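[1] Can you look at this prediction? I've put the sequence above it.
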Amino acid sequence: MHTDLDPAAHAQARRRFWALAVGSVGVVFGDIGTSPLYSFREALGQAGGITDAAVMGVVSLALWALILVVTVKYVLFLMRADNNGEGGVLSLAALAEAAVGRRTPLIFALSVTGAALFYGDAIITPAISVLSAVEGLRTVPALADHISQGMVIGASIAILTGLFLVQSRGTAGVGRWFGPICILWFVAIAAIGVPHILANPEVVSAISPHHAVNFLLHHGLAGFFVLGSVFLTVTGAEALFADMGHFGRWPIQASWLFFALPALVLNYLGQGAFALHHIATANGQPVENADWFFQMTPVLFRAPMVLLATMATVIASQAVITGAFSLTNQAIQLGYLPRLTVLRTSETMAGEIYIPQITLLLAIGVVLLIGVFHSSSGLAHAYGLAVTGTMVVTTCLAFIVVTRKWRWPLWGAIALVGPMLVIDTIFLGANALKLLSGGFVPVAIGAALFFLMATWARGTDLVRRRSERDTPLLADIMPILASRSVHRVPGTAVFLTSDPSRTPGALLHNLKHNKVLHLTNLILSVRTAQTPRASPAEHVEIERLSDDFTKIVLTYGYMETPNIPRALAGLRKQGLKLDIMSTSFFVGRRTIVHAPHSLLPPGMDRLYIWMSKNAADPIDFFRLPPGRVVELGTQMSV
């Protein structure tokens with residue numbers, strides 16, 4: 001029987017769609033939306049001379065980068081490869097791992113590489129974005145003679161320091177302004193481009209790809225350098241995919257296709273038209289590269305545009321910082337990083353988290369980058385490698401998903417993913433030319449973080465295997481535990497263990513030293529699923545082992561933060577009634593020490609020991625009540 005959709009429900013769904021679309025403009029497109037501040041200038045500066053052909057070639061390359069990389073690859077293809085609505089390199093890696101059935105060395109290497117390079121992007125994006133906006137002050141005639149580069153650097157560091165200092169308060173309060181401010185930004189960058197396009201309409205022909213091809217064919221190595229700088233136009237494309245879980249596929253796609261993309265196209269065409277005008281009025285004299293974005297803004301609106309650009313770049317920086325928090329939380333749950341302090345900054349929004357250690361590291365990295373490179377042009381050399389590397393990783397993981405999960409034939413997967421990988425590889429090669437002039441920065445950051453993640457994953461696997469070898473199976477020791485010869489005390493004991501099939505070390509030590517058992521004993525294990533959020537059906541598994549022993553497995557998605565007391569309180573409906581005030585939580589405290597003949601490579605063993613010592617306290621991580629926790633320690637050598 002056909003029924004019409006309830007008009008009230010339809011209106012509510014429509015309002016929600018538009019709210020998500022507006023919100024996505026503020027969060028998802030902040031990075032790519034501020035790229036016009038520096039990308040056209042940097043690409044044209046690499047052309048070896050500013051000519052009509054160079055301008056048309058750079059504009060054409062920029063437009064087709066937006067079309068092929070962002071629109072075709074990310075918006076139309078990758079956003080279909082979601083993991084229960086979530087995107088991003090680790091979500092894609094989890095999807096590939098689930099499709100293959102296990103974590104293969106290739107999937108592990110790809111996922112860790114992508115995550116490590118993202119942190120390089122998260123450090124460079126705030127530095128180059130805010131610097132490029134504040135540099136616009138030097139194009140304001142009334143301020144040009146009074147603003148030095150040192151003042152620009154100082155102002156940029158001050159703005160970013162303030163941004164990092166307010167991270168602990170969350171973005172729920174100011175986040176509602178992100179969408180409207182970025183909408184105003186996109187409208188403004190489109191508006192300043194239109195008059196120049198109307199004055200020089202021949203620039204519109206740059207949409208034809210033959211300008212891009214001719215430029216690359218006739219400029220040799222210089223064309224390759226330009227290609228590396230043109231890639232700056234698509235930095236932030238990963239955010240389209242990574243933030244899909246917050247806003248949904250359709251709102252992001254609609255915002256991009258019908259709003260953000262047209263605004264960017266109009267701005268790049270406008271910058272190209274403005275450059276062509278300068279060439280025409282130079283009377284054959286060489287034209288110097290300039291800050292085309294701000295120079296083409298009418299003088300009357302230049303100062304307000306600098307202010308608006310600064311707000312837009314701060315929002316872009318906030319988006320990438322929030323992305324780093326989200327990625328770190330995923331990496332912790334998936335076992336790529338040790339437990340860190342993850343604080344909730346909102347009671348209603350699950351994605352609103354704050355990680356103090358990551359904030360401090362990002363802040364130090366951003367300030368150091370600004371201090372070393374001094375300008376957005378200097379930072380532009382360091383920017384591309386991190387982003388292109390992440391894109392190559394994403395494409396490779398997508399190939400695994402297409403062939404193993406979607407079951408496409410090999411020829412079909414190659415036909416679809418192959419051209420994308422070729423484009424990504426060409427961009428990667430072009431940016432690799434800047435390795436010595438700044439590209440080494442994200443490579444060094446990525447290599448260091450890759451080593452950290454690989455060390456933690458390998459060390460944790462070694463500890464797990466040794467623990468399995470030294471700890472008896474729970475089924476084998478149950479007859480002893482069921483014996484009434486062991487003295488019973490009132491209350492409930494919860495024993496935490498990483499392997500529910502093994503006897504918790506804290507339980508064995510409690511028996512050994514205290515020689516007692518509680519009347520009610522829960523063997524509790526927390527497992528991380530390969531999905532962003534665990535379904536209600538798989539969230540809790542309860543198995544009665546005996547009259548006084550029950551095994552519980554709590555499953556959380558890699559986007560969720562475990563809260564054990566809340567989960568146990570929710571088990572009342574399943575007949576398990578607990579009084580937290582009469583419950584003791586037994587936690588095994590494992591101290592890792594150096595072994596004379598370590599199975600870990602030299603250096604990696606001591607690094608793993610240091611990381612384990614500095615991991616967040618499991619009491620805080622699992623939200624256990626401190627006054628109800630008993631810790632029992634053991635030593636293990638690696």
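    Looks like it arrived, so ask away.
[2] For N283, give me its contacts.
    Listed by C-beta atoms under 8 Å, 6 or more residues apart in numbering, the contact set of N283 is empty. All C-beta spots, glycine's among them, are computed from the backbone N, C-alpha and C.
[3] same check, this time on the one 4 residues further on
    Taking C-beta under 8 Å, 6+ apart as the definition of contact, the neighbours of V287 are 50, 275, 278-279.
[4] Checking it next. Helix, strand or coil?
    Judged by DSSP: H, G, I helix; E, B strand; the rest coil, the three-state class of V287 is coil.
[5] For F215, see how far away it is.
    Between V287 and F215 the computed distance is 17 Å (C-beta to C-beta, to the nearest Å).
[6] same deal with F224?
    11 Å.
[7] Which one's more surrounded, the two?
    Higher neighbour count among F224 and F215: F215, with 23 against 17, using other C-beta atoms under 10 Å.
[8] The nearest residue to the more buried one once chain neighbours are set aside: neighbour count?
    Distances taken as C-beta to C-beta, 6 or more residues apart in numbering place G57 nearest to F215, at 2.5 Å, with adjacent residues excluded. Neighbour count of G57, defined by other C-beta under 10 Å: 29.
[9] And the contacts of the lowest-mean-pLDDT helix or strand in the chain?
    When each helix and strand of the chain is scored by mean pLDDT, DSSP states H and E, helix 244-247 comes last, with a mean of 74. The contact list for helix 244-247, computed with C-beta under 8 Å, 6+ apart, reads 20-21, 23-24, 27-28, 79, 82, 85-88, 91, 252, 351, 532, 559.
[10] how about low-confidence regions in the stretch 201-350 of the chain?
    Within the stretch 201-350 of the chain, the stretches with pLDDT under 70 are 345-350.
[11] Run through the strands of it in chain order.
    343-344 (DSSP state E, counting those that start in this stretch).
[12] quick one: the helices in it?
    For the stretch 201-350 of the chain, the helices defined by DSSP state H, counting those that start in this stretch cover 210-230, 237-242, 244-247, 249-255, 261-280, 292-295, 299-333.
[13] just checking, what packs against the fifth one?
    Translated: helix 261-280. With contacts taken as 3 or more C-beta pairs under 8 Å, 6 or more residues apart in numbering; DSSP states H and E, helix 261-280 sits against helix 30-33, helix 39-45, helix 52-65, helix 175-199, helix 292-295.
[14] Could you tell me how far it lies from the centre of the chain?
    With C-alpha atoms, centre = their mean, to the nearest Å as the basis, helix 261-280 stands 31 Å off its chain's centre.
[15] For the residue nearest to the spatial centre of the chain, which residues are in contact?
    Centroid-nearest residue in the chain: G323, 3.9 Å away (criterion: C-alpha atoms, centre = their mean). G323 makes contact with 118, 122, 239, 242-243 under the criterion C-beta under 8 Å, 6+ apart.
[16] for R628, same thing?
    Neighbour list for R628: 580-581, 583-585 [criterion: C-beta under 8 Å, 6+ apart].
[17] try I619
    585, 587, 626, 629.
[18] that older thread, can you tell me which two in the contacts of V287 are farthest apart?
    Among the contacts of V287, the pair separated by the greatest distance (C-beta to C-beta) is I50 and H278, at 7.9 Å.
[19] Out of the two, name the residue with the larger neighbour count.
    Neighbour comparison, I50 and H278: the larger count goes to I50, with 21 against 16 (by other C-beta under 10 Å).
[20] Relative to F274, how far out is the more buried one?
    Using C-beta to C-beta, we find I50 at a distance of 12 Å from F274.
[21] ditto for A109
    45 Å.
[22] Those two: which is more packed in?
    Ranked by neighbour count (other C-beta under 10 Å), A109 and F274 place F274 first, with 25 against 14.
[23] The longest strand along the chain - what's its average pLDDT?
    Counting residues, the longest strand in the chain under DSSP state E turns out to be strand 516-528. In this model, strand 516-528 has a mean pLDDT of 88.
[24] which parts of it are buried?
    517-518, 520-526, 528 (16 or more other C-beta atoms under 10 Å).
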